[in-house]
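**Student:** no FASTA, just this:
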């Protein structure tokens with residue numbers, strides 16, 4: 001049975017406890033999730049925000065700053081001047097002067113990302129308060145993209161309910177970031193998702209390129225895009241198990257997969273579902289979660305030089321703890 005991120009991290013805990021920076025350190029959900037991660041000995045935590053507000057939230061939950069739980073206020077921290085200088089160097093080509101760089105370094109998102117860029121934190125998590133756009137934009141600007149990444153995309157880890165007879169953990173992408181990927185971008189999303197599936201689900205990826213058509217059952221430019229992406233994957237990554245174009249039932253249900261794509265090593269067995277656009281991906285993961293009863297963890301970002309992850313603004317403390325574990329696992333598998 002596939003382990004949830006916290007369980008997987010416990011089974012391969014690093015010798016040195018990693019540090020994770022949380023950019024919304026005064027939010028009660030963030031603090032509760034951080035305390036749970038620290039108490040489980042998964043990570044040391046840096047809570048970022050106004051000291052009085054963060055300490056009040058900690059106190060309300062019966063805790064305080066101390067070993068393994070640090071509080072950084074970007075407005076007064078010793079590191080802010082260094083981070084402002086670094087940010088200026090990064091963004092001056094975009095017209096950011098020293099004053100704007102200083103103002104940016106005093107914002108929690110930029111400060112958290114700078115902790116990662118400077119090696120003082122292994123990764124960062126935000127999004128309980130900030131929008132996905134703000135979280136992603138800051139991560140790309142400060143942390144930057146991985147050298148081998150063509151783009152930054154996102155995915156959700158989907159875990160079946162205990163009551164599911166034939167349920168399996170899956171990775172859904174992209175459900176949170178890239179609105180209408182081209183065929184080339186779709187192939188890039190699938191390639192990155194295969195790496196993420198190996199690292200976070202501990203499975204051999206079986207990639208389904210999803211569509212409203214299966215093997216030519218419909219003709220449309222939207223179908224052509226998925227076919228083109230599938231062919232590109234097979235050419236560039238012959239080691240990957242990939243099939244497409246497939247409707248969801250052909251990808252997920254063994255009997256339907258055998259009927260619609262006989263002999264396929266993926267149809268009916270897929271564990272990586274690549275959606276053709278954000279409409280399909282976002283709707284698909286929410287239906288799987290709300291009607292199918294699957295647990296959804298994400299959106300998790302892929303393609304960055306170091307991990308930075310987003311939370312839903314409707315998250316709960318357990319989501320924060322799981323995302324901390326995901327962030328550490330991503331870093332360990334770099």
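**Tutor:** All right, it came through fine. A quick note: this is a predicted structure, and the numbers were derived from the prediction, not measured. Numbering: from 1, shown residues only.
**Student:** Please name the residues that touch residue 326.
**Tutor:** For residue 326, the contact set (CB atoms under 8 Å, 6 or more residues apart in numbering) comprises 5, 157, 200, 297, 300, 307, 309. In short, each C-beta sits where N, CA and C put it, glycine included.
**Student:** all strands for the stretch 151-300 of the chain, in order.
**Tutor:** Assigned by DSSP state E, counting those that start in this stretch, the stretch 151-300 of the chain shows strands spanning 153-159, 170-173, 206-210, 241-246, 272-274, 295-302.
**Student:** out of those, deepest packed?
**Tutor:** strand 272-274 (a mean of 30; mean count of other CB atoms under 10 Å).
**Student:** Describe which strands that strand pairs with in its sheet and in which direction.
**Tutor:** The strands that strand 272-274 pairs with in its sheet are strand 170-173 (parallel), strand 206-210 (parallel) (by DSSP bridges).
**Student:** nearest to residue 129, of those?
**Tutor:** strand 170-173 (24.6 Å; CB to CB).
**Student:** Mind checking the pLDDT average for the closest one?
**Tutor:** Mean per-residue pLDDT for strand 170-173: 97.
**Student:** now that strand: how far from the chain's centre is it?
**Tutor:** Distance of strand 170-173 from the chain centroid (CA atoms, centre = their mean, to the nearest Å) equals 11 Å.
**Student:** one step back: can I get the strands paired with strand 272-274 in CSV including distance to residue 56?
**Tutor:** Below are the strands paired with strand 272-274 laid out as CSV (distance: least, CB to CB, whole Å):
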stretch, distance to residue 56
strand 170-173, 38
strand 206-210, 47
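**Student:** Can you say which of these is nearest to residue 262?
**Tutor:** Nearest of the strands paired with strand 272-274 (CB to CB): strand 206-210, 15.4 Å.
**Student:** what angle do the closest one and strand 241-246 make?
**Tutor:** Counting by axes from the mean of the first three to the mean of the last three CA atoms, to 10 degrees, strand 206-210 points 20 degrees away from the direction of strand 241-246.
**Student:** And the contacts of strand 206-210?
**Tutor:** By CB under 8 Å, 6+ apart, strand 206-210 touches 186, 190, 193-194, 226, 229-230, 233, 240-248, 250-252, 265-267, 269-276, 280.
**Student:** Any chance of a PyMOL selection covering the buried ones in these?
**Tutor:** Here is the PyMOL command that selects the buried residues among these (16 or more other CB atoms under 10 Å):
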select buried, resi 186+190+193+194+226+229+230+233+240+241+242+243+244+245+246+247+248+250+251+252+266+267+269+270+271+272+273+274+275+276+280
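**Student:** So for the residue of the chain positioned farthest from its centre, what's the pLDDT?
**Tutor:** The C-alpha centroid of the chain is most remote from residue 259, which lies 34.0 Å away (CA atoms, centre = their mean). Note for residue 259: predicted pLDDT of 95.
**Student:** what's the closest non-adjacent residue to residue 222?
**Tutor:** residue 276 (6.3 Å; CB to CB, 6 or more residues apart in numbering).
**Student:** Local confidence estimate at the residue nearest to residue 258 when sequence neighbours are not counted?
**Tutor:** Leaving out its chain neighbours, the residue that sits closest to residue 258 by CB to CB, 6+ apart is residue 268, at 6.0 Å. With respect to pLDDT, residue 268 scores 95.
**Student:** Identify the residues contacting residue 268.
**Tutor:** Counting by CB under 8 Å, 6+ apart, residue 268 touches 250-258.
**Student:** can you give me the helices for the stretch 151-300 of the chain?
**Tutor:** 183-201, 221-236, 248-252, 254-260, 278-290 (DSSP state H, counting those that start in this stretch).
**Student:** The second one - what's its average pLDDT?
**Tutor:** When you say that, I think you mean helix 221-236. 96.
**Student:** how about it: buried residues?
**Tutor:** Buried residues in helix 221-236, counted by 16+ other CB under 10 Å: 222-223, 225-230, 232-233.
**Student:** Give me the angle between it and strand 206-210.
**Tutor:** 150 degrees.
**Student:** helices or strands next to helix 221-236 in the packing?
**Tutor:** With contacts taken as 3 or more CB pairs under 8 Å, 6 or more residues apart in numbering; DSSP states H and E, helix 221-236 sits against helix 183-201, strand 206-210, strand 241-246.
**Student:** Just the buried positions in the helix or strand hosting residue 138, please.
**Tutor:** Residue 138 is located in helix 132-142, with elements delineated by DSSP states H and E. Across helix 132-142, burial judged by 16+ other CB under 10 Å covers 132, 134-136, 138-142.
**Student:** Mind picking the one among those residues that's closest to residue 115?
**Tutor:** residue 142 (9.7 Å).
**Student:** contacting residues around that closest one?
**Tutor:** Counted by CB under 8 Å, 6+ apart, residue 142 has contacts 87, 90, 110, 113-114, 116-117.
**Student:** Residue 22 too?
**Tutor:** So residue 22 contacts 30, 34, 45-48, 112, 124-126, 320 (CB under 8 Å, 6+ apart).
**Student:** in stretch 4-13, what's buried?
**Tutor:** Neighbour-count burial for stretch 4-13 flags 4-6, 8-9 (criterion: 16+ other CB under 10 Å).
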